[in-house]
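Chemist: no sequence on this one, just coordinates:
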C-alpha cells in the first residue's frame, strides 16, 4: 500500500466542523443514559466546594472521555473537537475537570463507589454482561502498583514490588460465560500492605455481586471469592463467610500448613492434566510432574475458638527438576553417566485454603483461573490507569473509580455488539466500535451520522446502535 498521489500533491487541513473521530461514543452515551448515570450522580454525590458545580455533567463526561481513550486530564480535550458539541451536551474544558477532581474527599470517593456499583447493577440488568451469574460467579481480588514519578504525588511510596507509586486494590466479577467486570476499587498509598482494607473491599464487591444476580434470587448458585496468599487472613475470609459465599485463597506456607501437608498420605495424590503432561500407555493414565491432594485444615488457631475457620487444604505439588538428571550431551569424558537418576523425589508445594463445594480437580483448576484478574489490571493500565494524573491523592482515587466505570460501560457495549466483542479487550472494543470517524448532517430535523463505507465491523456496530438508540430491549421473563 502506498499514497495514491504524488506526495507534493497531497495536503491536509483541519477545517471541518462536522467531523467527529469517535462516532461510536454515541451509543455508549445512550447506554449510560438508559442506566441513569446522570441521575445517580445527581442523587448520590454531594460535592459543595468551589469548582464542584455540575457534577452530574462532569462525572459522565470524564467516564465517556476514558471510554474514547483519554488517559489523562489533558486528553479530555478530545471531547471538544469538530462536531462533538453538536452530538453531545455537557462538554467542559479539561482544566475544569482537574479542578473538579481536586474537590473530592474520602467521603465523596465512597459516594462515587456507590454510583459505580449501582451503574454496574443496571448494566447487568439491561445487558448480558454477567450471563450465568445466577449459576456460578467468581469474585477475584488483587492489588497492583501504578508507578508514579516526581515528588508531587500524595501517597506515593515504595511497596512490595520495589517500584515507587500508588497501590490500587481491585475486585472483579466473572462467570464461565462472561468476561470480567470491575466490582470495586480502592486506591491506597504506595507502601500499603496488600491486605490493608481488603476485608471492606471484599464486602462491597460481594454486595455488588449479589445485586448483579450472583447466586440467583434464592442464593442457590455458587459464588466463590478467590485471592492469592497476600489476602490469606481472618478478616478477608470472615467477610466472605458473613456474605455466605465460598472462598478459595492461596495459603501462606506457615509451620501449621507445612505440618498438615506432611500428614497427607502418599496414596492420596492424584496426577492432573498440567502443562507438559504426557499419556502413559502402560499405566493408562496421565503422568505429570503436578499432583494434587486435599486434607482438612483449621486456620487461625491462635484466635478464639469461635473465630477459627475449618475448610479444605488443597495442595498441589510439582517435582523439583535436578539439572544433573537431564540427558548428557557432551560431558561423558568427565565421568558422568548419560542420565543420572534421582535418589528421591523432591517437591514444591502450593496450598489453597478453601471451602468450595467443587470436587478436588475442579476446585484446584478453578483457583488457578484466578489469574484472570491480571488481564483486567493490564487492560486498565493500558487505558485510564496509564496515569494517575493529579497530585491530589483523593483526585486520583476518584479517577480510579471513574476508570472502573468506563471499563464496565465499554464491556457492556461489547456484549450488545456481538459474541466476539463480548470477550474482546478494551483496546479492541475502542478501535472496532468507539473510535469510528463520522460526519454529522441534518435531515428532516434529525441528526445523521455518516460512517465509513465497508467498515469491517459494521454489523456489530449496528447491533450496538439498535440496542441503545432504538426501543428499550425487552427483558426475558421466566
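Modeler: Now that the structure is in, tell me what you want to look at. Because the structure is a prediction, the values reported are computed rather than measured.

Chemist: residue 181 versus the residue nearest to the spatial centre of the chain, what's the distance?
Modeler: Nearest to the geometric centre of the chain sits residue 376, at 3.4 Å (C-alpha atoms, centre = their mean). Separation of residue 376 from residue 181 (C-beta to C-beta, to the nearest Å): 8 Å. No exception for glycine: its C-beta is placed from N, CA and C like everyone else's.

Chemist: joint contacts of the two?
Modeler: 172, 407 (C-beta atoms under 8 Å, 6 or more residues apart in numbering).

Chemist: quick one: the helices in the stretch 251-400 of the chain, in order.
Modeler: For the stretch 251-400 of the chain, the helices defined by DSSP state H, counting those that start in this stretch occupy 255-262, 360-368, 372-381, 393-417.

Chemist: neighbouring contacts of the first one?
Modeler: Just to be clear, that refers to helix 255-262. 251, 295, 297, 299, 301, 313, 315, 349, 351.

Chemist: dig out what the closest residue in space to the third one that isn't next to it in sequence forms beta bridges with.
Modeler: Take residue 297 and drop its neighbours on the chain: the residue closest to it by C-beta to C-beta, 6 or more residues apart in numbering is residue 313, 3.7 Å away. Counting by DSSP bridges, residue 313 forms beta bridges with residue 295, residue 353.

Chemist: so who does residue 313 touch?
Modeler: 251, 257, 260-261, 294-297, 351-353.

Chemist: and stretch 81-90, what's buried?
Modeler: Neighbour counts over stretch 81-90 (16 or more other C-beta atoms under 10 Å) mark 82-84, 87-88 as buried.

Chemist: with stretch 212-223 instead?
Modeler: Neighbour count says stretch 212-223 has 212-215, 221-223 buried, by 16+ other C-beta under 10 Å.

Chemist: looking at these, which are in strands?
Modeler: Among the buried residues of stretch 212-223, DSSP state E puts 222-223 in strands.

Chemist: could the buried residues of stretch 212-223 go into CSV alongside pLDDT and distance to residue 409?
Modeler: Below are those laid out as CSV (pLDDT from 0 to 100; distance: C-beta to C-beta, whole Å):
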residue, pLDDT, distance to residue 409
212, 96, 14
213, 94, 18
214, 95, 20
215, 93, 24
221, 95, 25
222, 96, 27
223, 97, 24
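
Chemist: from the buried residues of stretch 212-223, pick the one nearest residue 368.
Modeler: Closest approach between the buried residues of stretch 212-223 and residue 368, by C-beta to C-beta: residue 222, at 16.9 Å.

Chemist: OK, contacts around the closest one?
Modeler: Residue 222 neighbours (C-beta under 8 Å, 6+ apart): 135-137, 215, 246, 357-358.

Chemist: low-confidence ranges in the stretch 101-250 of the chain?
Modeler: Scanning the stretch 101-250 of the chain for pLDDT under 70 picks out nothing.

Chemist: what about the strands in it?
Modeler: Using DSSP state E, counting those that start in this stretch, the strands found in the stretch 101-250 of the chain span residues 136-147, 157-158, 164-175, 178-188, 222-227, 246-250.

Chemist: residue 431: which of those strands is closest?
Modeler: Taking the strands of the stretch 101-250 of the chain one by one with C-beta to C-beta, strand 178-188 is closest: 17.0 Å.

Chemist: counting contacts, what elements does that closest one pack onto?
Modeler: helix 106-126, strand 136-147, strand 164-175, helix 198-211, helix 372-381, helix 393-417 (3 or more C-beta pairs under 8 Å, 6 or more residues apart in numbering; DSSP states H and E).

Chemist: so for residue 27, which of these sits nearest?
Modeler: helix 393-417 (6.8 Å).

Chemist: buried residues, the helix or strand following the closest one. List them.
Modeler: Using DSSP states H and E, the helix or strand that follows helix 393-417 in sequence is helix 426-429. Across helix 426-429, burial judged by 16+ other C-beta under 10 Å covers 426, 429.

Chemist: just stretch 120-138 next, same as before
Modeler: 120-124, 126-127, 129-131, 133-138.

Chemist: stretch 103-114 too?
Modeler: 103-104, 108-109, 111-114.

Chemist: relative to residue 452, which of the residues you listed is nearest.
Modeler: residue 112 (36.4 Å).

Chemist: what distance do you get for residue 199 to residue 457?
Modeler: Distance from residue 199 to residue 457, by C-beta to C-beta: 43 Å.

Chemist: of the contacts of residue 222, which pair is most distant in space?
Modeler: 215 and 358 (15.1 Å).

Chemist: in CSV, list the buried residues of stretch 103-114 along with distance to residue 403.
Modeler: Below are the buried residues of stretch 103-114 laid out as CSV (distance: C-beta to C-beta, whole Å):
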residue, distance to residue 403
103, 18
104, 14
108, 16
109, 13
111, 17
112, 11
113, 13
114, 16
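
Chemist: go through those and name the one nearest residue 232.
Modeler: Distances from residue 232 to the buried residues of stretch 103-114, taken by C-beta to C-beta, are shortest for residue 113, at 24.9 Å.

Chemist: that closest one and residue 182, how far apart?
Modeler: From residue 113 to residue 182 the distance is 11 Å (C-beta to C-beta).

Chemist: tell me the mean pLDDT for stretch 73-86?
Modeler: Taken as a whole, stretch 73-86 has a mean pLDDT of 93.

Chemist: quick check: end-to-end length of that stretch?
Modeler: 22 Å (C-alpha to C-alpha, to the nearest Å).

Chemist: what about that stretch, distance to the chain center?
Modeler: 27 Å (C-alpha atoms, centre = their mean, to the nearest Å).

Chemist: and residue 353, what is it in contact with?
Modeler: Residue 353 neighbours (C-beta under 8 Å, 6+ apart): 232, 237, 247-251, 297, 299, 311-314.

Chemist: switch the cut-off to 10 Å
Modeler: 229, 232, 237, 247-252, 257, 297, 299, 309-314 (C-beta atoms under 10 Å, 6 or more residues apart in numbering).
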